[in-house]
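# what would the 3D arrangement of this be:
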Amino acid sequence: MALFGRKETDFFKLLFDQAAKTVEGVEALTRFLGTLDPVHGQKVKEIENEADEIRRVLIEEINRTFVTPVDREDLFALSRAIDDVLDYANTTVYEFEVYQLKFADEHVKRLVLILYDQARELHQATKMLDSYPRLANEHAIKAKKAENLMERAYREALGELFRGSDTVHMLKMREIYRHLSNAADRGDEAANTIHGIVVKRGGS
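Got it, this is the predicted structure:
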């Protein structure tokens, strides 16, 4: 029952909407990296702003709701980690523009595809989290596997990068690789939080 007649907040729906925006944003990032068309870069920024608005609502509701369906610390941590994934995607666009890079190499494209797969798994996990926690946990495990793939791909990218001779280009690309790797790290943190929520709800 809602307190004082106020409609109960569907926190799981807010997390799902936020995760959906992350998938949308990373997908826009793949289009940007395929063309370096500023239109696609701007789309990533717009989606990131939209996701921020969802997160603001979620945080506001956490602060004003007396009883939440899971620990408020877990809600906050999961929302923050999902938000960070999209923030790093947005930063990747920014750095491509600031560094005036003319193309995205195959390593960047591979890293982003891994990130996209991870974002989709997190999206599915948030969708299942309330009603089907065991399934949510399965998707969280897949998201963690994506982070492992990212780590290997990241190291391979660095290995090839530092066999080159253009020091300035190497420094620029290292930052790009690092941001995408960090995005997957935050996705891994989101997956860990989902697992923790599932355990607390007795779903594992």
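# got the contact list for residue 200?
Residue 200 sits next to 70, 71, 74 when contact means CB atoms under 8 Å, 6 or more residues apart in numbering. Backbone N, C-alpha and C define where each C-beta goes, glycine included.
# buried only: go through those for me.
By neighbour count, with 16 or more other CB atoms under 10 Å, the contacts of residue 200 hold 70, 74 as buried.
# got JSON lines for the contacts of residue 200, with distance to residue 161, secondary structure and pLDDT too?
Shown next, in JSON lines, are the contacts of residue 200 (distance: CB to CB, whole Å; DSSP: H, G, I helix; E, B strand; the rest coil; pLDDT from 0 to 100):
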{"residue": "70", "distance to residue 161": "42", "secondary structure": "coil", "pLDDT": "86"}
{"residue": "71", "distance to residue 161": "42", "secondary structure": "coil", "pLDDT": "90"}
{"residue": "74", "distance to residue 161": "38", "secondary structure": "helix", "pLDDT": "94"}
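# dump the contacts of residue 200 to a markdown table, plus distance to residue 46.
As requested, these are arranged in a markdown table below (distance: CB to CB, whole Å):
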| residue | distance to residue 46 |
| --- | --- |
| 70 | 30 |
| 71 | 32 |
| 74 | 29 |
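# report the rounded mean pLDDT for the strand or helix carrying residue 179.
Using DSSP states H and E, residue 179 sits within helix 167-200. Average pLDDT, helix 167-200: 95.
# now that helix, how far from the centre of its chain.
Distance, stretch centre to chain centre, for helix 167-200: 8 Å (CA atoms, centre = their mean, to the nearest Å).
# buried stuff in that helix?
Under the neighbour-count criterion of 16+ other CB under 10 Å, helix 167-200 has 172-173, 176-177, 179-198 buried.
# need phi/psi at residue 32.
phi -60, psi -50 (degrees, to the nearest 10).
# against residue 121, how distant is it?
Between residue 32 and residue 121 the computed distance is 22 Å (CB to CB, to the nearest Å).
# swap in residue 127?
On the measure of CB to CB, residue 127 and residue 121 end up 11 Å apart.
# which one's more surrounded, these two?
Each of residue 127 and residue 121 has its neighbours counted (other CB atoms under 10 Å); residue 121 has more, 25 against 19.
# surely that one and residue 143 touch.
Yes - counting by CB atoms under 8 Å, residue 121 does reach residue 143; the two are 4.0 Å apart.
# intersection of neighbour lists for these two?
In contact with both residue 121 and residue 143: residue 191, using CB under 8 Å, 6+ apart.
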